[in-house]
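Asks: My questions concern the predicted model and sequence given below.
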Amino acid sequence: MDTIASLFSFITTPVSWVIVQFHKVYGALFGDDSGWAWGLSIVSLVVLIRICLIPLFVKQIKSTRNMQVLQPKMKAIQERYKNDKQRQSEEMMKLYKETGTNPLSSCLPILAQSPFFFALYHVLSSIASGKKIGAINQDLLDSARQAHIFGAPLAAKFTDSVEKVTSLDASLTDVRIVTAIMIVLMSASQFFTQRQLMTKNVDLTVKTPYMQQQKMLMYIFPVIFAVMGINFPVGVLVYWLTTNVWTMGQQMYVINQNPTPGSKAQDAYLQRVLKSVSAHEQVRGRTRRNTVKAIVAKGPDRNDIERKFITGLGKLGLAAQEDGTVQKSETAAADAEGSQAHKRQQPKRQTKAKRQTAGATAGGAKDTESSEAGSKTSLEKQDDKPKSADKPASGSSRQAKSGQRKGPQRPKHPSKK
């Protein structure tokens with residue numbers, strides 16, 4: 001880790017200078033040697049970096065959504081050119097170029113943070129070793145070495161020896177308890193951020209390998225952070241925990257205000273918009289108007305959630321316009337009522353067990369009716385027979401012998417007499 005951090009030594013001076021400037025502000029409030037002054041300086045450094053990375057975060061969101069949409073096409077290309085890897089790569093690059101998608105955009109915020117992360121690690125390692133670095137002179141170095149957060153020095157690590165922790169005026173138990181709690185919080189925040197992305201902000205109508213990969217990362221990343229965290233100084237853990245909490249809050253904002261089409265978050269968002277329109281009879285807010293405008297522009301390509309939203313507007317007697325506003329419309333209300341009536345007229349499909357039971361019942365009723373009809377016919381035939389009790393039996397009315405046909409028979413040929 002120290003070798004990797006030394007590669008980013010060129011940025012340690014700007015990072016240390018920013019920390020020193022924030023320390024001057026917080027030192028006036030909490031005291032120069034206070035752990036809160038140095039800890040809040042690191043938190044402020046994270047906030048400053050993340051604000052600067054907001055444009056990259058926006059690109060990350062767009063890239064992630066484009067990758068989700070392109071997954072079926074990418075899978076088709078892989079199956080079509082599975083024996084020609086070069087042609088497969090060419091078609092993939094062509095698809096990325098046509099749609100303006102960059103697969104690396106989803107990693108841009110992490111890649112952009114890496115130099116600052118390792119530079120901060122290098123600064124804190126130098127403080128632990130008692131070495132001046134960047135804008136941190138001897139006085140600031142002594143102050144930083146005395147700063148403790150809940151009894152743990154900023155430069156202490158979970159794996160440090162008793163002698164090293166003692167040299168920083170702390171106990172090994174305090175250091176390990178504080179670092180363990182921070183590592184757990186860091187991993188938990190990473191897991192929660194990825195989980196809310198997978199459960200709320202993913203298009204459920206598209207089942208692709210990309211979703212399975214994201215689901216795997218949801219469990220792998222927290223484990224990686226937990227393993228690496230035992231080698232991070234307390235100050236670096238403060239940095240990484242802060243950036244995870246920032247990412248989680250940023251992700252929650254995106255899910256609530258700009259959800260992925262076809263996701264559960266979009267359904268909840270459009271329901272909130274519909275409720276607001278019902279109360280005010282207008283779309284309030286530029287973001288919401290842009291959302292309605294995009295739904296109207298899709299036309300027949302809307303997903304089920306967006307169709308449900310348009311139908312909900314129709315029930316209110318409103319129709320969405322191309323500019324994102326709504327207007328009263330009797331036609332929209334009639335169309336919504338007609339759509340609901342059509343849905344009510346459609347019979348509900350029965351389960352297989354119910355269909356078999358109904359068939360057996362119908363078959364039994366049919367057999368009963370047939371037997372009743374047969375017995376009735378038999379009785380009618382018996383009633384129609386003439387009573388022959390008072391008449392003598394004639395030869396023609398006798399029963400035929402066995403092997404002979406009933407009724408009149410043809411006369412035998414003279415030659416057979």
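Replies: Sure, I can see it.

Asks: mind listing what residue 326 touches?
Replies: 277, 281-283, 292, 313, 318-320 (CB atoms under 8 Å, 6 or more residues apart in numbering). C-beta coordinates here come from the backbone N, C-alpha and C atoms, glycine included.

Asks: Among the residues you listed, name the ones in strands.
Replies: 318-320 (DSSP state E).

Asks: quick one on the thing from earlier: and which of the contacts of residue 326 is nearest to residue 217?
Replies: Using CB to CB, residue 292 comes nearest to residue 217 of these, at 33.7 Å.

Asks: What degree of burial does the closest one show, as a neighbour count?
Replies: Applying other CB atoms under 10 Å, we find 24 residues neighbouring residue 292.

Asks: Excluding chain neighbours, give the residue nearest to it in space.
Replies: In this structure, residue 292 finds its nearest non-sequential neighbour in residue 324, 4.4 Å apart by CB to CB, 6 or more residues apart in numbering.

Asks: Can you classify that neighbour as helix, strand or coil?
Replies: Using DSSP: H, G, I helix; E, B strand; the rest coil, the structure places residue 324 in coil.

Asks: Below-threshold pLDDT in the stretch 1-150 of the chain: ranges please.
Replies: Applying pLDDT under 70 to the stretch 1-150 of the chain picks out residues 1-9, 68-69, 71, 103-107.

Asks: can you give me the helices for it?
Replies: Under the criterion DSSP state H, counting those that start in this stretch, the stretch 1-150 of the chain carries helices at the ranges 2-7, 12-30, 35-52, 54-80, 85-99, 108-129, 138-146.

Asks: How about residues contacting the second one?
Replies: With contact meaning CB under 8 Å, 6+ apart, helix 12-30 is reached by 32, 34, 36-38, 40-42, 44-45, 48, 116, 119-120, 122-123, 133-136, 140.

Asks: on that earlier part again, quick check: the farthest pair among the contacts of residue 326?
Replies: For the contacts of residue 326, the farthest-apart pair by CB to CB is 281 and 292; their separation is 13.6 Å.

Asks: Let me know the closest of the ones in strands among the contacts of residue 326 to residue 163.
Replies: Among these, residue 320 lies closest to residue 163 (CB to CB), at 70.4 Å.

Asks: now the closest one, which residues is it bridged with?
Replies: Here residue 320 sits in beta bridges with residue 326, going by DSSP bridges.

Asks: Verify the contact between it and residue 311 for me.
Replies: No - contact criterion CB atoms under 8 Å: residue 320 and residue 311 do not qualify, at 11.0 Å.

Asks: Looking at those two now, which is surrounded by more residues?
Replies: residue 320 (21 against 15).

Asks: Enumerate every residue touching that one.
Replies: Residue 320 sits in contact with 292, 295-296, 310, 313, 326, where contact means CB under 8 Å, 6+ apart.

Asks: where's it relative to residue 314, distance?
Replies: Separation of residue 320 from residue 314 (CB to CB, to the nearest Å): 9 Å.

Asks: tell me, how many neighbours does the residue nearest to residue 81 when sequence neighbours are not counted end up with?
Replies: Leaving aside its chain neighbours, residue 81 sits nearest to residue 88 (4.1 Å; criterion: CB to CB, 6+ apart). Here the count is done by other CB under 10 Å, and residue 88 has 17 residues near it.

Asks: can you tell me how far residue 88 sits from residue 233?
Replies: According to CB to CB, residue 88 and residue 233 sit 45 Å apart.

Asks: for residue 163, same thing?
Replies: 17 Å.

Asks: who's more crowded, the two?
Replies: residue 233 (24 against 8).

Asks: how about the residue nearest to that one when sequence neighbours are not counted, what does it touch?
Replies: Nearest non-adjacent residue to residue 233, counting by CB to CB, 6+ apart: residue 124, 4.4 Å away. Residues counted as contacts of residue 124 (CB under 8 Å, 6+ apart) are 154-155, 233, 235-236.

Asks: Narrow the residues you listed to those in strands?
Replies: Per DSSP E, the contacts of residue 124 never map to strands.

Asks: Which one (most neighbours) among those?
Replies: When neighbours are counted by other CB under 10 Å, residue 235 leads the contacts of residue 124 with 29 neighbours.

Asks: got the contact list for that residue?
Replies: 38-39, 42, 120, 124, 154-155.

Asks: And residue 274, by the same measure?
Replies: 309, 312-313.

Asks: Kindly give a single ChimeraX line that selects the buried subset of those.
Replies: Filtering the contacts of residue 274 down to the buried ones (16 or more other CB atoms under 10 Å) takes a single ChimeraX command:
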select :309,312,313
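
Asks: Columns distance to residue 93 and pLDDT on top of the contacts of residue 274, output as JSON lines?
Replies: Output for the contacts of residue 274, formatted as JSON lines (distance: CB to CB, whole Å; pLDDT from 0 to 100):
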{"residue": "309", "distance to residue 93": "37", "pLDDT": "91"}
{"residue": "312", "distance to residue 93": "42", "pLDDT": "91"}
{"residue": "313", "distance to residue 93": "42", "pLDDT": "90"}
